[in-house]
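A.B. asks: Generate coordinates for the sequence data below:
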Amino acid sequence: MSLASKKLGRESEDLAVNLLIQKGYQIVERNYTFEKKGEIDIIAKDPLTNYLVFVEVKSRNNLEFGEPEYAITKNKIRQLKKIAELYLYEREINEIECRFDVVAVLFRPKLKPIINHYENVI
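C.D. replies: Presented below is the predicted three-dimensional model:
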């Protein structure tokens, strides 16, 4: 991954965290990795439902390859679910409702980014 891609990813995750905090979410963890098998960008608690929320952040600089939220493949969904299960196992978390959200960030030259939060989509 190029330095520019890493910077874009970090900036996107920062914007997603800020949005979630504004909505009252409690950020539990960022960039959770289990034995290099995959990563969950953000883990948070929803203030309204008290669900544990696994958040995937996707971003784009333009729409050449489509909107960022459409970059989540079936393989990525499988991987996210597996890593979430491993997170719950490793942390010995039982009896909690969970869901998967996506935060999509579209950067635009000289304009504010467009940020969309999709709940319970995976």
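
A.B. asks: Tell me the buried residues in the strand ranked longest in the chain?
C.D. replies: When the chain is parsed with DSSP state E, its longest strand is strand 98-108. By neighbour count on 16 or more other CB atoms under 10 Å, the buried set for strand 98-108 is 98-107. All C-beta atoms are positioned from the backbone trio N, CA, C, and that covers glycine.

A.B. asks: From the rest of the structure, what touches it?
C.D. replies: The contact list for strand 98-108 (CB atoms under 8 Å, 6 or more residues apart in numbering) reads 8, 12, 15-16, 19-20, 42, 46, 51-61, 63, 67-69, 72, 80-81, 84, 88, 113-122.

A.B. asks: Also stretch 21-33?
C.D. replies: Contact with stretch 21-33 is made by 13, 17, 20, 39-48, 52-53, 83, 87, 117, as judged by CB under 8 Å, 6+ apart.

A.B. asks: Just the buried residues from those residues, in PyMOL please.
C.D. replies: To isolate the buried members of these in PyMOL, using 16+ other CB under 10 Å:
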select buried, resi 13+17+20+40+41+42+43+44+45+46+52+53+83+87
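
A.B. asks: Of the contacts of stretch 21-33, which belong to strands?
C.D. replies: Those of those mapping onto strands are 39-45, 52-53, 117, per DSSP E.

A.B. asks: least confident pick among the residues you listed?
C.D. replies: Ranked by pLDDT, the ones in strands among the contacts of stretch 21-33 bottom out at residue 39 (94).

A.B. asks: who does that residue bridge with?
C.D. replies: residue 33 (DSSP bridges).

A.B. asks: and it, what does it touch?
C.D. replies: The neighbourhood of residue 39, defined by CB under 8 Å, 6+ apart, consists of 31-33, 83.

A.B. asks: Now which of those residues would you call buried?
C.D. replies: Using 16+ other CB under 10 Å as the burial test, those include 32, 83 as buried.

A.B. asks: Let's see stretch 115-122 as CSV, backbone CA atoms only.
C.D. replies: This file holds the C-alpha atoms of stretch 115-122, laid out as CSV (Å, rounded to 0.1, in the frame of the first residue of the first chain):
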residue,chain,number,x,y,z
ILE,A,115,-19.4,11.1,4.6
ASN,A,116,-22.2,8.5,4.7
HIS,A,117,-22.9,6.1,7.6
TYR,A,118,-24.8,3.0,6.8
GLU,A,119,-26.0,1.0,9.8
ASN,A,120,-26.5,-2.8,9.9
VAL,A,121,-25.5,-3.4,6.3
ILE,A,122,-23.3,-6.5,6.4
